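Colleague: 3D model of this:
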Amino acid sequence: MRIGLFGGTFDPIHNGHLRAALDVAEAMTLKRCILIPAATPPHKTGKKIPNVNHRLAMTQTAVEGVDALSVSDVEARRSGPSFTIDTVRHFQRTLAAETELFLLIGADAFFEIDAWHAWRELLEAIAMVVMTRPGEGAADFAVSLSAFIEAHVPGDYRFESARRAFFHPGRPPIHYVPVTMLDISSTDIRSRIRRGRSIRYLVPETVERYIREKELYR
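Modeller: The predicted model follows:
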């Protein structure tokens, strides 16, 4: 069984996140993709973000009725910074031994991976799926990704264009998947709410309703 892990602040979850998760699930033939809201994102220390319970609830309501997507509260239940390596280890311990795990990661985040906590250990632990970013074609993205890996990720990776992946003799591969280019950002959504503008069609209706009822981002 192949399972994807997709962590993020999800502040709030939006249609870009959801469409990308489905694209990867289809491209990588995943049984399901688990969305994991971060309780305390290490890269956002000092920034005011809604309580993880709000972000968890929004994410849960966003995936209702979608068989390929589910939500985990593992980081909401864990104290301290939400380090990805700890989350990966949790699922490696708790899922069936034959499960193949894949870590979904946005391009901008991957291009900063050498600043992550225990990033070398993470590369050793799990196969990665890097999602393309809006405005960049698959071929150009492959060039950018290859250049980054060569310059910043130690090891002898071999690129196979037909399989859209970088393979290493002793580590899990680094895949990349072109995803639907929905140029939506949580930052813009929060800004629209503060200015009294509509966020319809940027987020699921259930998320829009939750934000309105809880008076978030005002």
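Colleague: for this protein, what's the longest helix?
Modeller: Longest helix of the chain, by residue count under DSSP state H: helix 138-152.
Colleague: buried stuff in that one?
Modeller: By neighbour count on 16 or more other Cβ atoms under 10 Å, the buried set for helix 138-152 is Phe141, Ala142, Leu145, Phe148, Ile149. Just so you know, the C-beta spots here come from the backbone N, C-alpha and C atoms, and that holds for glycine as well.
Colleague: And stretch 197-211, by the same measure?
Modeller: By 16+ other Cβ under 10 Å, the buried positions in stretch 197-211 come out as Ile199, Leu202, Val203, Pro204, Thr206, Val207, Glu208, Tyr210, Ile211.
Colleague: if I look at the last one, how far off is Pro172?
Modeller: Distance from Ile211 to Pro172, counting by Cβ to Cβ, to the nearest Å: 37 Å.
Colleague: what do you get for the fourth one?
Modeller: Plainly put, Pro204 is 32 Å away from Pro172 if you go by Cβ to Cβ.
Colleague: tell me which element the residue at the greatest distance from the centre of the chain is part of?
Modeller: Outermost residue of the chain with respect to the C-alpha centroid, by Cα atoms, centre = their mean, is Gly196; its distance is 28.2 Å. Taking DSSP states H and E as the definition, Gly196 sits outside all helices and strands.
Colleague: List phi and psi for it.
Modeller: Main-chain dihedrals, Gly196, degrees, to the nearest 10: phi 80, psi 20.
Colleague: Show the pLDDT at it.
Modeller: Gly196 carries a pLDDT score of 97 in this model.
Colleague: likewise Gly106?
Modeller: 95.
Colleague: Distance check, the nearest residue to it once chain neighbours are set aside against Tyr176.
Modeller: Leaving aside its chain neighbours, Gly106 sits nearest to Met131 (5.4 Å; criterion: Cβ to Cβ, 6 or more residues apart in numbering). To Tyr176, Met131 is 7 Å away according to Cβ to Cβ.
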